[in-house]
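Participant: Provide a 3D model corresponding to the input given below.
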Amino acid sequence: MILCDTHADTLYVRAMHPERPCDVTKEKAARGGVSVQTLALYVGGSPALPDIARAFAGMFAQAEALEASGWKRIGDYRDAREGECAFLLSVEGCDLLGEDPSLLSLWRKKGVRMAALCWNYENALGTPAVRDQDAPLTPFGREAVKEMLRLGIAPDVSHLNRRGFRDLTDMGIAPIASHSCCAALCPHPRNLTDDQLKALFSAGGYVGVNFYPLFLDARGRAGLDTVCRHVLHMLDLGGEGRVGFGSDFDGIEKKPRGLAGPQDFPALLRALEKRGVTGDLLRGIAGENLLRYYDRIDPKPERKKE
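Facilitator: Model (predicted):
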């Protein structure tokens, strides 16, 4: 079974807090059967662009170190292989593009395949959900998203506000929400409403369900069944073929009971099976839905036969 996780902040921990043990390691991911672990380049704790630039340089260096240590690095989710553990890069917060739009091409050359327009800082592209839900996507944000898609980088809406989200879907774009949950089950501003989820699924987008207890349950009490409820709610809204996992490991200080790290993915898959998610439906959620999402936004020429 192909298993993919669309979000973890491991590179930031390694670069900025090397004293902290990481939720995600190659060994833990392999033990959990993870085929592709997405590692985010996260803007970090300061909105100052020089600080973000330093953080990105450190995280790119950590990605190189992981590859040098023997962890396979890939540039396309469709290169995922069952029984083989690889990692791939994403960006969480495009703040640096406001000063240098050409960075998108550089990021793509370095293997970045999805980019969140913003984190929790307002930037030149748009406004985060935790700041203002009604501010539109900027003209520069619209152009940046078009360039992302030209390069094969998926625009990530996990932190974007509702107006910006609507602007994207009105443009006919199928975004990814790399680590988001259902507002109907937990009314946090970071979560997606039913209307947003329906629009995203209708557009051909994709959602990776976040494991942060405060996004899963208003009381912050979550376990495997809570994650399953969010997956099942998305399926009820038309998410079959559009849903997977976006753990947020190494970016969350608290985890659901039974999900301490990627080594626990088998327990989550078993919990979904107990709820009736089996066969092709389960394989899709585990990873195949994500591969098909990239087929939709970035058609890949058929490989020549050997």
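
Participant: which other residues reach stretch 8-26?
Facilitator: Stretch 8-26 has contacts (CB atoms under 8 Å, 6 or more residues apart in numbering) with 37-42, 44, 55, 58-59, 61-63, 65-66, 69-71, 85, 87, 92, 247-251, 255, 260-262. From N, CA and C alone the C-beta is placed, and that goes for glycine too.

Participant: now do the end-to-end distance for that stretch.
Facilitator: Start-to-end span of stretch 8-26 (CA to CA, to the nearest Å) is 13 Å.

Participant: mind checking how far it is from the chain centre?
Facilitator: How far stretch 8-26 lies from its chain's middle: 17 Å, per CA atoms, centre = their mean, to the nearest Å.

Participant: pull out the buried residues from that stretch.
Facilitator: Buried residues in stretch 8-26, counting neighbours by 16 or more other CB atoms under 10 Å, are found at 8-16, 22-26.

Participant: among those residues, which two are most distant?
Facilitator: Using CB to CB, these span at most 19.9 Å, a distance reached by 16 and 26.

Participant: dump the buried residues of stretch 8-26 into TSV; add secondary structure, distance to residue 191 and pLDDT as well.
Facilitator: Below are the buried residues of stretch 8-26 laid out as TSV (DSSP: H, G, I helix; E, B strand; the rest coil; distance: CB to CB, whole Å; pLDDT from 0 to 100):
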residue	secondary structure	distance to residue 191	pLDDT
8	strand	19	98
9	coil	19	98
10	helix	23	98
11	helix	25	98
12	helix	22	98
13	helix	24	98
14	helix	28	98
15	helix	28	98
16	helix	27	97
22	coil	26	98
23	coil	22	98
24	coil	23	98
25	coil	29	98
26	helix	31	98
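
Participant: hang on, the earlier thing: drop anything exposed from the contacts of stretch 8-26.
Facilitator: Buried among the contacts of stretch 8-26 by 16+ other CB under 10 Å: 37-42, 44, 55, 58-59, 62-63, 66, 71, 85, 87, 92, 247-251, 255, 261-262.

Participant: roughly how far out does the lengthiest helix in the chain sit from the chain middle?
Facilitator: Longest helix of the chain, by residue count under DSSP state H: helix 49-68. The chain centre lies 18 Å from the centre of helix 49-68; the measure is CA atoms, centre = their mean.

Participant: could you do stretch 246-265 as well?
Facilitator: Its chain's C-alpha centre and that of stretch 246-265 lie 14 Å apart, by CA atoms, centre = their mean.

Participant: just the CA trace of that stretch, in CSV.
Facilitator: Extracted C-alpha coordinates of stretch 246-265, given in CSV (Å, rounded to 0.1, in the frame of the first residue of the first chain):
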residue,chain,number,x,y,z
GLY,A,246,-1.6,15.6,6.6
SER,A,247,-0.4,14.9,10.1
ASP,A,248,1.4,18.1,11.1
PHE,A,249,3.9,16.0,13.1
ASP,A,250,6.7,18.2,14.5
GLY,A,251,4.4,21.2,14.2
ILE,A,252,2.0,20.2,17.0
GLU,A,253,2.8,20.0,20.7
LYS,A,254,0.0,17.6,21.3
LYS,A,255,-1.1,14.5,19.4
PRO,A,256,-4.2,12.3,19.3
ARG,A,257,-4.1,9.3,21.6
GLY,A,258,-2.5,6.5,19.6
LEU,A,259,-0.8,8.8,17.0
ALA,A,260,2.5,9.8,18.4
GLY,A,261,4.3,9.8,15.1
PRO,A,262,4.4,8.2,11.7
GLN,A,263,5.1,4.8,13.2
ASP,A,264,1.5,4.8,14.3
PHE,A,265,-0.1,5.1,10.8
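
Participant: nearest residue to residue 9 in space, please, no chain neighbours.
Facilitator: Once flanking residues are discounted, residue 9 sits nearest to residue 251: 3.5 Å by CB to CB, 6 or more residues apart in numbering.
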